[in-house]
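Asker: got a sequence here, can you model it:
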Amino acid sequence: GFQQQLESLKLFVVGAGAIGCEHLKNFAMMGVGCSSQGHITVTDMDTIEKSNLNRQFLFRSWDVTKMKSDTAAAAVKAMNSACSITSHQNRVGPDSENIYHDDFFEGLDLVANALDNVDARSYMDRRCVYYQKPLLESGTLGTKGNVQVVYPKLTESYSSSHDPPEKSIPICTLKNFPNAIEHTLQWARDCFEGLFTKSVETAKQYVTDSKFLERTMKQAGMLPVETLQAVRDTLVQNRPKTFDDCVAWARLEFQSQFTNQIKQLLFNFPPDQTTDSGQPFWSGPKRCPKAHEFSLDNPMHMDYVVAGANLQAEVYGIAGTRDRAKIAEILSKVAVPEFKPRSGVKIDLTESDAAASRNASADTDELSRIQATLPAPSSFAGIKLTPLDFEKDDDTNFHMDFIVAASNLRATNYSIEPANHHKSKLIAGKIIPAIATTTAAVSGLVGLELYKIAQGHNTLEAYKNGFLNLALPFFGFSEPISAPKQKFYDTEFTLWDCFDVEGRKDGNEMNLKEFINYFKEKHRLEITMLSQGVCMLYSFFMSQSKLQERLTLKMSDVVQRVSKKKIKPHVRALVFELCCSDEDGEDVEVPYVKYRFR
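Answerer: As a prediction, this is how the structure comes out:
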């Protein structure tokens with residue numbers, strides 16, 4: 001009966017986080033994979049963190065630091081001892097195709113994704129299309145959730161449609177006219193990246209990559225000047241020898257960002273400035289700023305210097321300190337040059353101004369001047385530079401300390417309400433709190449679609465994609481979109497179809513010439529270009545010498561020669577993409593080729 005069908009399903013669950021835990025619990029309760037024929041395989045390369053415990057209910061406090069997949073599989077076994085389950089710790093991707101190979105996928109009945117990123121979802125989607133396996137895709141974001149059914153030869157795939165891009169904050173708002181804490185936090189994130197990540201990576205490239213200068217000079221607009229300035233600042237002007245130098249740098253950075261730049265802005269646009277139409281310039285979303293005067297007694301000012309100095313020290317491999325008294329003592333000796341606002345400094349008011357500044361052509365004299373002050377890369381041999389990757393969850397690494405201090409200093413510049421450490425972390429880390437109810441609802445809907453797949457339905461009307469938002473509350477269901485049909489001659493095809501080519505005949509593999517002729521004779525198609533992954537194997541405009549050399553090679557040898565990589569032993573078939581023309585010489589869309597050669 002139907003229960004036996006469920007029990008004999010072979011299922012691959014990708015991910016054992018919030019949705020993965022719910023899926024595994026539901027599948028075990030439904031009896032999936034609970035007979036000698038059935039099986040569940042789950043993979044997740046992540047370990048359990050304390051912050052997972054409020055929504056990933058198969059884990060307990062004593063499981064922290066253990067592997068998610070192992071712990072989830074053991075918990076499911078405890079719920080239903082008949083459940084046959086294997087846990088892996090692999091990331092799905094090209095690197096694990098020797099594990100999740102043809103035999104593995106061909107033995108599956110369906111795949112359930114429980115992933116948290118688009119790249120991995122798209123990869124699994126491509127694998128399911130290639131092996132013609134049903135995929136149950138789902139995701140949550142706060143109170144919002146969705147479920148998509150991807151069914152062979154019936155529906156479109158996950159990758160067929162894309163969400164619109166997220167709205168970004170205009171550059172001029174970030175740089176000069178913030179009016180919300182989100183703006184100052186994004187600005188602080190950008191400062192962190194600029195000071196401790198990108199400029200350090202660029203400087204490392206200057207030292208180690210002989211082609212770096214040549215590439216930089218070819219860049220458009222102001223990029224060459226900005227890049228070389230970053231290199232000079234990192235390797236020459238701001239390079240500290242001691243921790244005292246790091247403190248001095250942080251103090252001068254404070255002066256530049258929160259005092260001098262504000263004074264310059266107010267010099268260009270005084271508080272009583274009016275626009276051409278007589279309206280006050282500083283009105284609406286434009287808040288009139290005020291400059292900070294540094295004070296050792298102001299905890300926020302000290303927070304910025306302590307975090308900035310320690311991060312700068314980490315970049316250059318210098319030992320830092322949390323001792324505020326010691327840092328205050330160093331600060332008392334730092335000489336801060338007096339700042340006078342200058343005439344003729346251009347400040348971007350609109351997004352189009354900002355774009356024009358970025359695309360303006362670089363001043364060649366300025367470029368030459370910067371180059372002249374840059375010592376040769378060889379003079380920096382042995383320098384150790386560590387770019388810092390932003391990590392919001394480690395409270396000891398000064399990353400969030402710097403972001404919070406920089407954001408709140410800028411917020412108080414512009415009379416915006418500062419945000420505490422917790423709120424800043426949520427916004428800067430783009431964290432939307434996970435809600436267990438959303439996860440449970442989405443996983444329940446996946447369970448319903450799994451029942452239908454197990455019953456063997458193969459019509460669009462049977463399946464439902466689900467969309468929900470518990471905050472409204474909204475629950476919507478729609479039939480999956482059918483796979484778009486395309487046509488060459490009288491042959492219709494969809495993304496699920498391919499040319500299945502058997503490359504072996506009487507123990508010999510076909511060569512490139514035979515492959516091209518096969519399509520001419522069997523499908524009346526003239527191949528104009530042939531590629532595998534990023535490698536171009538054949539094109540109609542290829543040089544004759546190269547063409548003659550390749551035409552007599554076996555297809556697998558052509559791939560190995562062009563890619564300069566050996567084909568791994570577990571690979572039994574290759575995927576080729578074709579550009580073809582028909583007998584009238586018109587370009588036609590055709591499916592991909594699955595070329596079996598082992």
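
Asker: now do the helix or strand encompassing Arg215: which elements does it pack against?
Answerer: Using DSSP states H and E, Arg215 sits in helix 212-217. Judged by 3 or more Cβ pairs under 8 Å, 6 or more residues apart in numbering; DSSP states H and E, helix 212-217 is in contact with helix 199-208, helix 223-232. (Each C-beta comes from the backbone N, C-alpha and C, glycine too.)

Asker: just the CA coordinates of that helix, formatted as PDB?
Answerer: What follows is helix 212-217, C-alpha atoms only, in PDB (Å, rounded to 0.1, in the frame of the first residue of the first chain):
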ATOM      1  CA  PHE A 212      49.200  44.200 -10.700                       C
ATOM      2  CA  LEU A 213      50.400  47.600 -11.800                       C
ATOM      3  CA  GLU A 214      49.700  46.900 -15.400                       C
ATOM      4  CA  ARG A 215      46.100  45.700 -14.700                       C
ATOM      5  CA  THR A 216      45.500  48.700 -12.400                       C
ATOM      6  CA  MET A 217      46.500  51.200 -15.000                       C
END
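
Asker: list the contacts of that helix.
Answerer: Identification of contacts with helix 212-217 by Cβ atoms under 8 Å, 6 or more residues apart in numbering yields Gln205, Tyr206, Leu223, Pro224, Thr227, Leu228, Leu367, Pro377.

Asker: can you turn the buried part of the residues you listed into a PyMOL selection?
Answerer: In PyMOL syntax, the buried subset of the contacts of helix 212-217 is picked out as below (16 or more other Cβ atoms under 10 Å):
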select buried, resi 205+206+224+227+228+367+377
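
Asker: ok, of the contacts of helix 212-217, which one's closest to Ser352?
Answerer: Leu223 (18.7 Å; Cβ to Cβ).

Asker: so how far is stretch 439-452 from its chain's centroid?
Answerer: 27 Å (Cα atoms, centre = their mean, to the nearest Å).

Asker: can I get that stretch in CSV, CA atoms only?
Answerer: Below are the C-alpha coordinates for stretch 439-452, written out as CSV (Å, rounded to 0.1, in the frame of the first residue of the first chain):
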residue,chain,number,x,y,z
THR,A,439,10.0,26.9,9.6
ALA,A,440,7.4,24.4,10.8
ALA,A,441,4.8,25.7,8.4
VAL,A,442,7.1,25.5,5.4
SER,A,443,8.3,22.1,6.3
GLY,A,444,4.7,20.9,6.7
LEU,A,445,3.9,22.1,3.2
VAL,A,446,7.0,20.3,1.9
GLY,A,447,5.6,17.1,3.6
LEU,A,448,2.3,17.5,1.7
GLU,A,449,4.0,17.8,-1.7
LEU,A,450,6.2,14.7,-0.8
TYR,A,451,3.0,12.7,-0.3
LYS,A,452,2.0,13.6,-3.8
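
Asker: now the strand or helix carrying Tyr130: buried residues?
Answerer: Under the criterion of DSSP H and E, Tyr130 resides in helix 118-131. Neighbour counts over helix 118-131 (16+ other Cβ under 10 Å) mark Ala120, Arg121, Tyr123, Met124, Asp125, Arg127, Cys128, Val129, Tyr130, Tyr131 as buried.

Asker: with stretch 109-117 instead?
Answerer: So for stretch 109-117, counting by 16+ other Cβ under 10 Å, buried means Asp109, Leu110, Val111, Ala112, Asn113, Ala114, Leu115.

Asker: show the end-to-end separation of that stretch, please.
Answerer: Start and end residues of stretch 109-117 are separated by 24 Å (Cα to Cα, to the nearest Å).

Asker: the bottom helix or strand of this protein by mean pLDDT?
Answerer: Lowest mean confidence among the helices and strands of the chain (mean pLDDT, DSSP states H and E): helix 351-359, at a mean of 72.

Asker: can you give me the strands for the stretch 251-400 of the chain?
Answerer: For the stretch 251-400 of the chain, applying DSSP state E, counting those that start in this stretch gives no strands.

Asker: roughly how far is stretch 247-264 from the heart of the chain?
Answerer: 33 Å.

Asker: mind listing what's buried along it?
Answerer: Within stretch 247-264, the residues scored as buried using 16+ other Cβ under 10 Å are 247-255, 257-262, 264.

Asker: try stretch 50-66
Answerer: Residues of stretch 50-66 classed as buried by neighbour count (16+ other Cβ under 10 Å): Asn52, Arg55, Gln56, Phe57, Leu58, Phe59, Asp63.

Asker: I'd guessed the first one sits against Gly20; true?
Answerer: No: with contact defined as Cβ atoms under 8 Å, Asn52 does not count as touching Gly20 (11.0 Å).

Asker: and stretch 274-291, how far out from the chain middle?
Answerer: With Cα atoms, centre = their mean, you get 38 Å for stretch 274-291.

Asker: which residues sit against it?
Answerer: With contact meaning Cβ under 8 Å, 6+ apart, stretch 274-291 is reached by 173, 177-179, 258-260, 262-263, 265-266, 269, 271-273, 413-416.

Asker: buried ones among the residues you listed?
Answerer: Among the contacts of stretch 274-291, those buried by neighbour count (16+ other Cβ under 10 Å) are 173, 177-178, 258-260, 262, 265-266, 269, 413-414, 416.

Asker: pick out whichever of these sits closest to Phe576.
Answerer: Nearest to Phe576 out of the buried ones among the contacts of stretch 274-291 is Thr173 (Cβ to Cβ; 48.1 Å).

Asker: how far away is the residue nearest to the closest one when sequence neighbours are not counted from Leu349?
Answerer: Distances taken as Cβ to Cβ, 6 or more residues apart in numbering put His183 closest to Thr173, at 5.8 Å, once the chain neighbours are dropped. Taking Cβ to Cβ, to the nearest Å as the measure, His183 falls 16 Å from Leu349.

Asker: more neighbours: these two, which one.
Answerer: More crowded of His183 and Leu349, by other Cβ atoms under 10 Å: His183, with 22 against 15.

Asker: show me which positions of whichever strand or helix holds that one end up buried.
Answerer: Per DSSP H and E, His183 falls inside helix 181-192. Neighbour counts over helix 181-192 (16+ other Cβ under 10 Å) mark Ile181, His183, Thr184, Leu185, Gln186, Trp187, Ala188, Arg189, Asp190, Cys191, Phe192 as buried.

Asker: count the neighbours of Val207 for me.
Answerer: Val207, neighbours per other Cβ under 10 Å, totals 19.

Asker: so who does it touch?
Answerer: By Cβ under 8 Å, 6+ apart, the contact set of Val207 is Leu235, Pro377, Phe380, Ala381, Ile383, Leu385.

Asker: what about those, which one has the most neighbours?
Answerer: Going by other Cβ under 10 Å, Leu235 tops the contacts of Val207 with 23 neighbours.

Asker: mean confidence for the helix holding Arg215?
Answerer: In this model, helix 212-217 has an average pLDDT of 84.

Asker: what residues sit buried inside it?
Answerer: By neighbour count with 16+ other Cβ under 10 Å, helix 212-217 contains the buried residues Phe212, Leu213, Thr216.

Asker: burial measure for Gln132, as a count.
Answerer: Neighbour count of Gln132, defined by other Cβ under 10 Å: 14.

Asker: need the contact list for it.
Answerer: Gln132 makes contact with Pro152, Lys153, Trp496, according to Cβ under 8 Å, 6+ apart.

Asker: kindly report the same for Val559.
Answerer: Gln532, Cys535, Leu537, Ile567, Leu574.

Asker: same thing but at 10 Å, please
Answerer: Val559 sits next to 532-533, 535, 537, 553, 565-567, 571, 574, 576, 595, 597 when contact means Cβ atoms under 10 Å, 6 or more residues apart in numbering.

Asker: how about Thr140?
Answerer: Thr140 neighbours (Cβ under 10 Å, 6+ apart): 18-19, 22, 55, 116, 146, 432, 434-443, 468, 470.
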